[in-house]
Every structure is written in structure tokens, then in C-alpha cells.
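# Pasting the sequence and the predicted coordinates here, then a few questions.
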Amino acid sequence: MKLAGMTASIAGKAAKNSLRHLSSDEEKRIQARSELMQDVGVQIADTLGEMKGAVMKVGQIASQYKDVFPPEVATALEKLQKDAPAMPYAQIKTQVERELGDDIDKLFTAFETEPFAAASIGQVHKATLPSGQKVVVKVQYPDVDKNCDSDLKQVRMALKIAGVLNMSRELQDQLFNEIRQSLHDELDYIKEANNLRVFGAFHADDDGLIIPKVISSHSTKRILTLTEEMGEPLAVAATWDNEIKRKIAARLFHFSAGQLFELYRMHCDPHPGNFAFREDGSVIAYDFGGVRSYSDSEVQLFRRFARHAIKSDVTALEQDLIALDIRREDDKDVPGEFYEQWLQIGLKPLSIAPYHTGSFDFGSSQVHHEAINQMRTSLKYFGQFQPSATTMMLDRTVSGQYWNLVNLGVEIDLSPMVFDYIDMPA
């Protein structure tokens, strides 16, 4: 009912906005649309934020695909990334006992009633096994998986009516199928447990990268019990010496790039709450529900794109963008200067010469501001580009890790790692 009411309200606002500005000049129509999008974004975020479960999770996933939505809507949706209110312990206890088939006091010698963390589809409690081992127990909220498809359809309908989804039906289907698959994956703790085992084996020899281990005897599709691996949040790590922060940054880079280029499978939810840090520079990674696999041809295309970007070969770069379904195949020319200006911004944090040499100071980075300013001057070319289902999760990961390094406040030269992963001489 809440979602239907939101959709009807947005439809009314969109229709009223169109009628009111039928005879306005283009500048006034653009301004009016921006104001409408701000209003719509706040309404969507407020409505989804009131609702636990799949509805809120849809909003959280959507908020991480900033290139799909107008900036006003994406900004409003960002507040859904904050922790959700906790569910009462009595309901959590019932869910644990139903899923694991025994009294909670027999399953655990201790189980903290207050959650360690609470999110949209579940919450995490510290506990102790009968063996004495310290664990954390991730408990999915009851019945949260039953309505996720209908919730997603309602959110999509609201966005479409508001004119937020300015793209073809085919592309809409691709993008929302990607979001739907991501949502189903995050609701299946058996799949997440398997991901934890795969990534744990992949990073087993990576000193300072820690993946919690699955306790199979106390895990089901809706309950996931893991070894307790504790560390400090990003805000605390940001106060440490730069030498420690460089170790952390290098491990975060390897965590994502190593998985993409060597495992062909990547953890795609680099929210700061999904990592913890230790004063020796170790990184602990949590929440392996949002994982994307890539084919060999896709990974080789990503590698080729990176090489062409570093070489500033804009002709080859444009062909790569067409292959990635980002650049539309049409007769409209995009000047080379357009690509060069974006390369100048995008390659700077990676310390790629001549855009930047030596260590890059993420703590004082202006790259995101430069990107916003460049978007304003590049609007006339944006019709030639579109979001891509192939790169959507990758974009989410890259932008998330950029913000992790900004908030870490690290000063580091990432270029040697970049050249190593794309097999290109420095």
C-alpha cells in the first residue's frame, strides 16, 4: 500500500510538472525537472527508508548505481545506506530456532541480545559456540525474501512514472535484472557461505587480508554463522600513520583488482561497513552476498579499456565503450577532447603520468568535484552514452573503493599496482 501510494503521488507530481512547463523555455524546463527530481528522490528515500526488508534493500542497491539515476535522486537515495533500526530479540530468537532446529540456549552458550550491526534484510549478533569459539551470527529477518520481486517492480514503476528511467525498455530490463539477481544473491546465505569459502581460498596466501570462516553446522539459507574477526572502523583507521594507511589502501586495491583480473569474480559491495582494519595494516572483509562473476572476454575487455585509457588512445577507447554498451552506436560524433578531459580526471587518483605523478593525496582529492563540473560542461554529449549492465557492478565497486580511500585520507602511488594488473609496462 505504501509503495502504491508513493507511485500514485509521484505520477501526479510528474504530470503536474509537465503541464505547468509546456510553454516554458528549455532553461526553465531543465530547472523544473531538477526540482522535481529532488522532490521525487526525497519521497522515494523516505518511503523505502520506513520499510524493512527487500523494499529498503532495493533502495540501497539502487542508490549504489549512481550512473543510472539523475544526481538529485541518487543523492537522496544515499541516506538508505545508513544502518537500519534493529528488530526485537524475540523475533530474532524465533528465527534462529526455526532455522537451526533447536533451542538457542543449546545452540550457543552465549548469544548477545543486542545486535552488533543491523541492516535492511538482517542483523548480526555476537555469540559463543558450545566449543567456546567466538562467532558472529547473521540472521535474516522473517519472510523478507517472499516479496522482493513485487517490491522491485513497484520501485521500478515509480521511477519510470517519474521519468527517472530515461532509457530504452531493453536497457531497463537488463539493469533491473542485474539488481534483481544481486538482491536474490544477498537473500541466499547458502550462496554467500559458498562465496566466503571461494574468496577465503583465493586470499588464503594474501598476508593481511582476512576473510571470516563459515561455521557450517550453524548456517542455513537464512542464518550465517562465521568466525569472529574484529577490527576498527574506517573512521578510526583514518587517524593512523600514513605508512599503515598505505598498507590498507594497497590491500583494498588488491582485494578488488585481484579478484577481477585473477579470479573473474568480485565482491561488489565496498561499503565502508563491510570492512574493518587493524593497526598492522590488516583488512577484514565482510558481507559476500553481493558478488558478480565475469567471463574471460569481459575481463580482457576491461583490461584493454584500461590500457587504451592510459595510452590516451581515444579512438580505441571509444570502440571499447561501444563493446561495453556504454557508447551508443550512432552517427553523432563525440570529439576526442571530451574523452581526454575525462581521462585527465579519472586517471589522476591512480597516479598515471602525465595526469599525476608520485603519490596522490586522497584526503584532499577534488576529483569528484572536478567530475561534477565536467558533467555540467559535457551535457550535450551525454545522449550518446548509457548505463551498462556489464559494468554496473564494477562501477559500483570502483566508486566505492575511491570513497574508501578518500575517507581513509591516504597518500599513495597506486600506479605500480595498476600496471601490474593490466600487464602493461610502466
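That came through, no problem. Residues are numbered from 1 along each chain as shown.
# Chain neighbours aside, what residue packs nearest to residue 91?
Taking CB to CB, 6 or more residues apart in numbering, and ignoring the residues beside it in sequence, residue 91 has residue 142 as its nearest neighbour in space, at 6.4 Å. (Each C-beta comes from the backbone N, C-alpha and C, glycine too.)
# pretty sure the one you found contacts residue 95?
Yes: between residue 142 and residue 95 there is a contact under CB atoms under 8 Å: 5.4 Å.
# what about these two, which has more around it?
The residue with more neighbours, out of residue 142 and residue 95 and counting by other CB atoms under 10 Å, is residue 95; that gives 20 against 16.
# how much space between the more buried one and residue 223?
As defined by CB to CB, to the nearest Å, residue 95 lies at a distance of 8 Å from residue 223.
# what sits in contact with each of those two?
Overlap between the neighbourhoods of residue 95 and residue 223 consists of 139, 140, taking contacts as CB atoms under 8 Å, 6 or more residues apart in numbering.
# Which neighbouring elements make contact with the lengthiest helix in the chain?
Of all the segments assigned as helix in the chain under DSSP state H, the longest by residue count is helix 26-49. In terms of contacts (3 or more CB pairs under 8 Å, 6 or more residues apart in numbering; DSSP states H and E), helix 26-49 is packed against helix 2-20, helix 54-63, helix 71-77, helix 148-161.
# weakest of these by average pLDDT?
Least confident of the helices and strands packed on helix 26-49, judged by mean pLDDT, is helix 54-63 with a mean of 62.
# Low-confidence ranges, the stretch 151-300 of the chain, go.
Counting by pLDDT under 70, the stretch 151-300 of the chain contains low-confidence ranges at 158-159, 161-167, 171.
# ranges for the helices of it?
Counting by DSSP state H, counting those that start in this stretch, the stretch 151-300 of the chain forms helices over residues 169-187, 189-202, 234-237, 242-258, 296-310, given from the N-terminal end onward.
# Ok, which of these comes nearest residue 316?
With respect to residue 316, and counting by CB to CB, the nearest of the helices of the stretch 151-300 of the chain is helix 296-310 at 4.3 Å.
# Going along the chain from the closest one, find the next helix or strand for me.
Sequence-wise, the next helix or strand downstream of helix 296-310 (DSSP states H and E) is helix 314-323.
# and that following helix, C-alpha only, in PDB?
Included here for helix 314-323 are C-alpha records, laid out as PDB according to Å, rounded to 0.1, in the frame of the first residue of the first chain:
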ATOM      1  CA  VAL A 314      40.600   7.900 -27.600                       C
ATOM      2  CA  THR A 315      39.800   6.200 -30.900                       C
ATOM      3  CA  ALA A 316      40.300   2.700 -29.500                       C
ATOM      4  CA  LEU A 317      38.800   3.800 -26.200                       C
ATOM      5  CA  GLU A 318      35.500   4.700 -28.000                       C
ATOM      6  CA  GLN A 319      35.400   1.300 -29.600                       C
ATOM      7  CA  ASP A 320      35.800  -0.300 -26.200                       C
ATOM      8  CA  LEU A 321      32.900   1.800 -24.800                       C
ATOM      9  CA  ILE A 322      30.800   0.600 -27.700                       C
ATOM     10  CA  ALA A 323      31.700  -3.000 -27.000                       C
END
